[in-house]
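*Asks:* Sequence first, predicted model second:
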Amino acid sequence: MAPALTRVLRCDPASIHFLPNVDKPDVTCPETLSALQTAAHHLVDHLEPIAFPTETVYGLGAVALNTAASARIFTTKGRPADNPLIVHVSSFAMLNSLLPKGYVLTKAYQALIKHFWPGPLTLLFPRDPIIIPTIITAGQPTVAIRMPSHPVARALIAVADTPLAAPSANSSGKPSPTRAEHVARDLDGKISIILDGGACDVGLESTVIDGLHEDGRIRVLRPGGITVENIHRVLEEEMGDSGKVPDVLVHRRDYMDEAIEQAPTTPGMKYRHYSPSVPLTLLMTSSRPPVGESTSSASQLFDSLRTDRPLKVGILAPTDSALWNALPTDGFEYSRYLLGPTAEPAVYAHRLFDGLLTLERQGVELMLIEEVKEDREGLAVMNRVRKAASEVRWILGK
């Protein structure tokens, strides 16, 4: 039965510290420590899911090693059962407790963990069926694991003293929450506790990597908070002297795998995600359109949207976009959300989900979002936007 009341408990990330080689946090703020202990009590003793901040997005966490607890994530979100969950750990000792006996990290995984853990990087590992419940992996032979860098997330896992399964803390298919108020508007009355640790730094989910294939290649199943460029750089730095630097392949950009899309090993691969409650149109304003794809000018686009009354349109675009000067002055009521400079895709990524949720709350009837170049964080941004958009339009000129 759903809780009657959702409590929002504030946590001060600056009051939480992890000392080197110490798995338990030092928490200097009594209010934050009390909030963490309360949340851990609900997780472990009541087997309830609770929402908490990570550096990527807010997560809906439950005890990963308990099937009944993890099942409540699916019912709370309305999440399909064949969509796997990522397991979050707070220490390397906790990671090792989940891995099959005798498993040895590859040199590539050692390099990635050295540079990006704790952080927004998820790695696929072999699943020990005695330890990891089937519900976590949707029956797949691998399990996705990461160690979050957000102090509240890592401290919560450590205080609860158990790995947490945690997808984004939103109803399935909606934009991921990056602030506690986003979670509250969506899941109020469905969960008992939301830990409020402020806005998420990254704003997009973690990068997911599969490095388990015999060919040694690193496959990026989902682009995210760690860029492909940085993955390349780290592997070159750590493995360049050996002459055996693995290739890095991005799913759907460098290779296709229909089987994994139908039976995914990680979230975000099979279903439509991140969609606001109103139609979202992706505007391709700089990429070359595919052969045979129809194009239009910005004025033609807006002419096609006109109705017999002013239409409430939400616009998400870079600060320096030419689109702002192409908006018709009559026939529309605009809500504008600036996504940051074109040259800084990390800012675009940080603001994306907040922009979608902000415009949705403002009551727009349609959203238009401009593309960003697919490099650095822009690769992850476009991965999310394509999944969220109900339509793509190719725009050439005003």
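*Replies:* Now that the structure is in, tell me what you want to look at.
*Asks:* low-scoring stretches of the stretch 151-300 of the chain, by residue?
*Replies:* Within the stretch 151-300 of the chain, the stretches with pLDDT under 70 are 262-272.
*Asks:* Show me where it has its helices.
*Replies:* Assigned by DSSP state H, counting those that start in this stretch, the helices in the stretch 151-300 of the chain fall at 151-160, 180-187, 228-239, 258-262, 298-305.
*Asks:* show me the contacts for I191.
*Replies:* P3, T6, E48, P49, I50, A51, L60, T76, A169 (C-beta atoms under 8 Å, 6 or more residues apart in numbering). All C-beta spots, glycine's among them, are computed from the backbone N, C-alpha and C.
*Asks:* let's go with 6 Å and repeat that
*Replies:* T6, P49, A51 (C-beta atoms under 6 Å, 6 or more residues apart in numbering).
*Asks:* what bridges to the residue nearest to the first one when sequence neighbours are not counted?
*Replies:* Closest residue to T6 apart from its sequence neighbours, by C-beta to C-beta, 6 or more residues apart in numbering: D188 at 4.9 Å. In this structure, D188 bridges to I191 when assessed by DSSP bridges.
*Asks:* okay, now D188: neighbour count?
*Replies:* Counted with other C-beta atoms under 10 Å, the neighbours of D188 add up to 13.
*Asks:* Repeat that for A349.
*Replies:* The burial count for A349: 26, using other C-beta under 10 Å.
*Asks:* give me the element it is part of.
*Replies:* Using DSSP states H and E, A349 falls within helix 345-361.
*Asks:* What residues sit buried inside that helix?
*Replies:* Neighbour-count burial for helix 345-361 flags 345-360 (criterion: 16 or more other C-beta atoms under 10 Å).
*Asks:* Tell me the one of the residues you listed nearest A111?
*Replies:* Closest approach to A111 among those (C-beta to C-beta): A346, at 22.4 Å.
*Asks:* what's the spacing between the residue nearest the centre of the chain and V381?
*Replies:* Nearest residue to the geometric centre of the chain (C-alpha atoms, centre = their mean): E205, 1.8 Å. Remark: distance between E205 and V381 (C-beta to C-beta, to the nearest Å) = 12 Å.
*Asks:* what do you get for V313?
*Replies:* Distance of V313 to V381, computed by C-beta to C-beta: 21 Å.
*Asks:* Could you do L282 as well?
*Replies:* According to C-beta to C-beta, L282 and V381 sit 11 Å apart.
*Asks:* now C29
*Replies:* Taken as C-beta to C-beta, the span from C29 to V381 is 34 Å.
*Asks:* And for L9?
*Replies:* 31 Å.
*Asks:* for T329, same thing?
*Replies:* From T329 across to V381, the span is 29 Å (C-beta to C-beta).
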